[in-house]
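Visitor: got a predicted model here, sequence first, then my questions.
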Amino acid sequence: MRDTRAAKRYAKALFEMALECGIEREIYDDLQAALARLESMPPVKSYVEQPFVPAAAKRRAIEVALNGVVSDAALDFLRVLVARDRADQLDAITVEYRRLWLAQQGIETARVTSAVPLKPEETAELLRSLSRVTGSRVEIEATVDPGIIGGVIAIVGDRVWDGSVRGSLSRLRAEMKAQDVVGRLRASRG
């Protein structure tokens with residue numbers, strides 16, 4: 001089970017160190033490069049994520065796999081992750097680090113779900129709308145879920161805008177139930 005609290009703590013510590021050194025972007029690039037390299041090497045990734053493998057062996061595997069791929073600062077951080085048996089948290093740490101980095105630049109991430117892929121002009125309009133209502137620069141992470149039937153759901157931080165057909169139907173159903181529309185229809189027939 002992934003410990004997202006731990007991932008957030010590690011990401012925050014790494015981000016603060018990078019901020020002090022003025023290398024926030026470089027560290028983010030290194031995290032991305034490390035993830036990509038480990039994903040391209042499934043046996044190594046699996047090996048360093050195993051709890052029963054000695055830390056020294058994991059550290060050596062990380063060093064061999066990532067030497068020349070990431071900076072010394074990033075490699076030091078990855079050694080700490082391995083030593084503390086947290087290598088399986090690298091993807092969650094990278095996501096949280098990115099969130100911190102974007103927030104520091106005044107950019108919020110909008111998780112947008114649509115029934116079909118958005119066209120570029122639809123994405124641009126959605127970006128303008130979300131920037132206007134949030135008062136921030138916004139970046140979109142798009143996913144497709146045909147289950148929402150149509151429309152768009154946008155989540156920015158703890159704010160949700162549900163413009164999906166499924167959401168509209170659900171709200172309509174709740175409103176009808178609250179007003180006992182079905183009961184009144186039955187009563188008018190009888």
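Guide: Yes, it's here.

Visitor: from here on, contacts and neighbour counts on C-alpha atoms
Guide: Fine.

Visitor: so where do the strands sit in this protein?
Guide: For the chain, the strands defined by DSSP state E occupy 107-114, 137-144, 152-156, 159-162.

Visitor: quick one: pLDDT of R2?
Guide: What the model reports as pLDDT for R2 is 59.

Visitor: same check on A65?
Guide: At A65, pLDDT is 95.

Visitor: can you add mean pLDDT, mean neighbour count and distance to A65 and give the strands of the chain back as TSV?
Guide: Converted to TSV, those look like this (pLDDT from 0 to 100; neighbours: other Cα atoms under 10 Å; distance: least, Cα to Cα, whole Å):
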stretch	mean pLDDT	mean neighbour count	distance to A65
strand 107-114	91	20	31
strand 137-144	92	16	29
strand 152-156	92	20	36
strand 159-162	89	13	40
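
Visitor: reformat those strands as TSV; add distance to L38.
Guide: Output for the strands of the chain, formatted as TSV (distance: least, Cα to Cα, whole Å):
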stretch	distance to L38
strand 107-114	26
strand 137-144	23
strand 152-156	30
strand 159-162	34
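
Visitor: of those strands, which is nearest S131?
Guide: Nearest to S131, of all those, is strand 137-144, at 5.4 Å by Cα to Cα.

Visitor: buried ones in stretch 26-36?
Guide: 27-32, 34-35 (16 or more other Cα atoms under 10 Å).

Visitor: mean confidence score for it?
Guide: Computed over stretch 26-36, the average pLDDT equals 96.

Visitor: likewise for stretch 74-85?
Guide: Rounded mean pLDDT across stretch 74-85 is 94.

Visitor: who touches that stretch?
Guide: Counting by Cα atoms under 8 Å, 6 or more residues apart in numbering, the neighbours of stretch 74-85 from elsewhere in the structure are 14, 27, 30-31, 48-49, 51, 55-56, 58-59, 62-63, 66-67, 87.

Visitor: list the buried residues in the longest helix anywhere in the chain.
Guide: The longest helix of the chain (DSSP state H) is helix 4-21. Residues of helix 4-21 classed as buried: 7-8, 10-12, 14-16, 18 (neighbour count, 16+ other Cα under 10 Å).

Visitor: please verify my assumption that L102 contacts E108.
Guide: Yes - if you go by Cα atoms under 8 Å, L102 and E108 touch, sitting 6.6 Å apart.

Visitor: please enumerate the shared neighbours of the two.
Guide: Counting by Cα under 8 Å, 6+ apart, nothing touches both L102 and E108.

Visitor: show me the domain layout of the chain.
Guide: Per automatic domain parsing, the structural domains of the chain span 4-102, 106-183.

Visitor: could I get those domains as JSON lines with distance to R189?
Guide: Below are these laid out as JSON lines (distance: least, Cα to Cα, whole Å):
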{"stretch": "domain 4-102", "distance to R189": "55"}
{"stretch": "domain 106-183", "distance to R189": "10"}
